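Asks: Got a predicted structure plus its sequence, pasted below:
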Amino acid sequence: MTRRSKFQSPTGMHDILPRDQQYYDKIYSVIEEIADFYGFSKIDTPIIEEAELFERGVGLSTDIVQKQMFSFKTKGGDYLTLRPEGTAPVARAFIQYGMQNRPQPVKFWYFGPFFRHEKPQAGRYRQFYQFGFETLGEQSSVVDAQIILIFFNILKNLKFKDLIIGINSIGDSSCRPYYKKVLAGYFRSRESALCADCRKRLKQNPLRILDCKEEKCQPAISMAPQILDHLCDECHQHFKEVLEFLDELELPYQLNPYLVRGLDYYTKTVFEIFENTEKGKSQGALVGGGRYDNLIKVLRGNETPACGAAAGIERMISIMRQRPMGFRRRSGPDVFLAQLGPLAKRKSLKLLEEFREEKIQVGELLGKDSLKAQLNRANKMGVKYTLIFGQKEALEEKIIIRDMATGKQKIMPVKKIVKKLKKMLR
């Protein structure tokens, strides 16, 4: 076996380098501000959950469970999974901590890494970041509209343009079973026109066929019966109200009768948000979500209506990189501390803490002893003042202040330097 010359990050997983952090920070700050306004509390669930949580909640027939989960058995025999999505863990926490006994609805948002074993491609990774909003304990259609509005506003605040909402209703346990029979009958007569995966889906859950992206299946899908023609009165009324709210908000949407999303827990409203350009459509949805009124019950909790959505952060960043974002530049230090000799180095650590407590940012090269190297760094940082703290100064408890613009220097007691610089920097 040949040895690799150096280690690399695992396939489909990537480092978030310092130059990339500004994008994550920007997205996080926009999310946090909007979440605070709408009264959503942040929740962090474990990265690892019981595999059964996703098998029951997301659905055994879904691609996530069948193909994409990173699952393993521990030495103790526990069957665990790296979380592939955020809604089922939030639902589990809702049940575990008895949140159905709190005033309803309970509203959460989250931001963090998720894992799916799929073929890596642009904007799609095996370890990826998502953020999501979930409202649990409210069945009113206004919640569906508010979740859509929240994500629309987040994207708008991040300078995404020409946004369009694709929306559909997939009914509930009253009307969906009959539609699935109608759909199954339609696709059985066209089974030869389906890809291998969709032929399996036909036996397990024909709704999944509508979510297929294979070119071969598109002609059959485009002519399939539409669920909007088979909704019960309650689902029809709920969906009508959601659309009326979107009209009132003047949010742009398109009815997509074949939008089903890829997870079994959805009921009634499902939606996606994408940029309404050819490139935007080819890149796929930025946001996906909908109502999931049965999930809590499926996970052995009380029947609890709920609605939520999530967005992939890497996909958003890949688009944001191509546009001017106007990041606020971080202000650099106004002061540099140059130290020479072991005693000055020891005392410098404490001096730096005094500056930190007074919120004065100070540059330093504590590992260097060359005054020339330190002054060069101070020049590159563009500081106003450099403090020179040598062995002699450390013994006498004094320090030299150099004005970097004029080159003038003066000596003063170390114990007064923080107060003095605070005045000089005002």
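Replies: Everything's here; your move. Residues are numbered from 1 along each chain as shown.

Asks: what residues go with each domain of this structure?
Replies: Under the assignment named as automatic domain parsing, the residue ranges that make up the domains of the chain are 18-175+231-320, 335-424.

Asks: Might one say that residue 371 is in contact with residue 340?
Replies: Yes: with contact defined as Cβ atoms under 8 Å, residue 371 reaches residue 340; the gap is 5.9 Å. Just so you know, the C-beta spots here come from the backbone N, C-alpha and C atoms, and that holds for glycine as well.

Asks: quick one, strands of the stretch 51-200 of the chain?
Replies: For the stretch 51-200 of the chain, the strands defined by DSSP state E, counting those that start in this stretch cover 70-73, 79-82, 106-115, 127-136, 163-169.

Asks: Please identify the helix or strand for the nearest residue to residue 304 once chain neighbours are set aside.
Replies: If you skip the residues right next to it in sequence, residue 304 has residue 296 as its closest partner in space, 3.9 Å away by Cβ to Cβ, 6 or more residues apart in numbering. Secondary-structure assignment from DSSP states H and E places residue 296 in helix 295-298.

Asks: Follow the chain on from that helix and name the next helix or strand.
Replies: Using DSSP H and E, the helix or strand that directly follows helix 295-298 along the chain is strand 306-312.

Asks: Averaged pLDDT, that next one. What do you get?
Replies: Mean pLDDT, computed over strand 306-312, is 97.

Asks: follow-up on the earlier one: who has more neighbours out of residue 371 and residue 340?
Replies: Neighbour tally, residue 371 and residue 340, criterion other Cβ atoms under 10 Å: the higher count belongs to residue 340, 20 against 14.

Asks: Hmm, residue 372 and the more buried one touching each other?
Replies: No: contact criterion Cβ under 8 Å: residue 340 and residue 372 do not qualify, at 10.9 Å.

Asks: still on that earlier bit, redo the domains of the chain as CSV? Include distance to residue 208.
Replies: Supplementary listing: these in CSV, determined by distance: least, Cβ to Cβ, whole Å:
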stretch, distance to residue 208
domain 18-175+231-320, 6
domain 335-424, 55
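
Asks: of all these, which gets the most neighbours per residue?
Replies: Mean neighbour count, computed with mean count of other Cβ atoms under 10 Å, is highest for domain 18-175+231-320 among these, reaching a mean of 18.

Asks: Please state the offset of it from the chain centre?
Replies: Mean-position distance between domain 18-175+231-320 and its chain equals 11 Å (Cα atoms, centre = their mean, to the nearest Å).

Asks: one step back: what about the residue nearest to residue 304, distance to residue 408?
Replies: 71 Å (Cβ to Cβ, to the nearest Å).

Asks: Please list all residues in contact with residue 48.
Replies: 80, 81, 82, 83 (Cβ atoms under 8 Å, 6 or more residues apart in numbering).

Asks: Then residue 405?
Replies: So residue 405 contacts residue 384 (Cβ under 8 Å, 6+ apart).

Asks: So which of the strands of the stretch 51-200 of the chain is nearest residue 182?
Replies: With distances scored as Cβ to Cβ, the stretch of these nearest to residue 182 is strand 163-169 (15.5 Å).

Asks: now the closest one: mean pLDDT?
Replies: Here strand 163-169 scores 96 as its mean pLDDT.

Asks: Just name whatever secondary elements it is in contact with.
Replies: Strand 163-169 makes packing contacts with helix 141-157, helix 233-249, strand 253-255, strand 267-275 when contacts are defined by 3 or more Cβ pairs under 8 Å, 6 or more residues apart in numbering; DSSP states H and E.

Asks: Residue 333 is in contact with residue 380, isn't it?
Replies: No: contact between residue 333 and residue 380 fails when scored by Cβ under 8 Å: they sit 11.5 Å apart.

Asks: how many neighbours does residue 327 have?
Replies: Using other Cβ under 10 Å, residue 327 is surrounded by 10 other residues.

Asks: That one - that's part of a strand, no?
Replies: No: secondary structure of residue 327 (DSSP: H, G, I helix; E, B strand; the rest coil): coil, not part of a strand.
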